[in-house]
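Colleague: when you get a sec, could you give me coordinates for this:
(one chain, ligands or ions: 2)
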Amino acid sequence: MQQEHLFKVLVIGDLGVGKTSIIKRYVHQIFSQHYRATIGVDFALKVLNWDNHTVIRLQLWDIAGQERYGNMTRVYYREAVGALIVFDVTRASTFDAVPKWKDDLDTKVTLSNGKPVPAVLLANKSDQSRDGLSTQIPKLDTFCKENGFVGWFETSAKENTNIEAAIRCLVENILTHEENAVSDSDPDTVTLSGNNNTKDRGKARCSACPK
Ligand SMILES: Nc1nc2c(ncn2[C@@H]2O[C@H](COP(=O)(O)OP(=O)(O)OP(=O)(O)O)[C@@H](O)[C@H]2O)c(=O)[nH]1
Ligand SMILES: [Mg+2]
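Modeller: Ligands and ions are numbered 1, 2, ... in the order given. Okay, the predicted model is just below:
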């Protein structure tokens, strides 16, 4: 029997880190160098034929970086089941803001069983120099464990690197949490089937991915 899921996923992180670009790349396969700040929130839908009997409707909520200082995130985060938190490898300040985004998320939304929504960390603009963060990036495994991320990926919206892999990792984790909510068992992560997208190479650690 065909199963259909609707998952609301948040894409959050500081101004200009590439949230809109990641979504546009993922949903429409386009990239623009031109920066136009998102105002408030934008939406995109991607329908995934996950397997022979599962269709997933991913509702991506593209939340403006400037909203971290606003009051609307509580409304935007409502009923989300997963999040991508993005920083820009060329600007250390955007990495420093990641724990604030994660705390804000965990304070304002949880799964129906009270657990934090699965979140994946994206180190975006990996096509550019990451000099300002050269000491932090090798420690992202530890950072993710300490801050409750299910995994991290170095992404580039410009070159289409690792975006599909990161979202696949998030969806796998969301599905596991859904199953757990029904079965009430408690594995935190799942094993992913191999990713054969040749563009999706590069540094990536996902606790759901095969080591
Ligand atoms: N080189 C490079 N530039 C990128 C990448 N992703 C985004 N950009 C550029 O970074 C700028 C900001 O990208 P946006 O996607 O608009 O950033 P945002 O996070 O949506 O910003 P707000 O809406 O203000 O929160 C744009 O000029 C993009 O072209 C990337 O992977 N590599
Ligand atoms: Mg934007």
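
Colleague: what's the helix or strand that Phe143 is a member of packed up against?
Modeller: Secondary structure from DSSP states H and E places Phe143 in helix 140-147. Helices and strands touching helix 140-147, by 3 or more CB pairs under 8 Å, 6 or more residues apart in numbering; DSSP states H and E, are helix 98-108, strand 119-124, strand 151-154, strand 204-206. C-beta coordinates here come from the backbone N, C-alpha and C atoms, glycine included.

Colleague: how about 7 Å then?
Modeller: Using 3 or more CB pairs under 7 Å, 6 or more residues apart in numbering; DSSP states H and E as the contact test, the elements touching helix 140-147 are strand 151-154.

Colleague: for the helix or strand following the strand it packs on, buried residues please.
Modeller: Using DSSP H and E, the helix or strand that follows strand 151-154 in sequence is helix 163-183. Going by neighbour count (16 or more other CB atoms under 10 Å), the buried part of helix 163-183 is 163-177, 180.

Colleague: one more: stretch 83-101?
Modeller: 83-92, 94-95, 97-98, 101.

Colleague: swap in stretch 129-139?
Modeller: When burial is assessed from 16+ other CB under 10 Å, stretch 129-139 yields the following buried residues: Arg130, Leu133, Gln136, Ile137.

Colleague: filter the residues you listed down to the ones close to ligand 1.
Modeller: Of the residues in these, proximity to ligand 1 by CB under 6 Å from any ligand atom holds for none.
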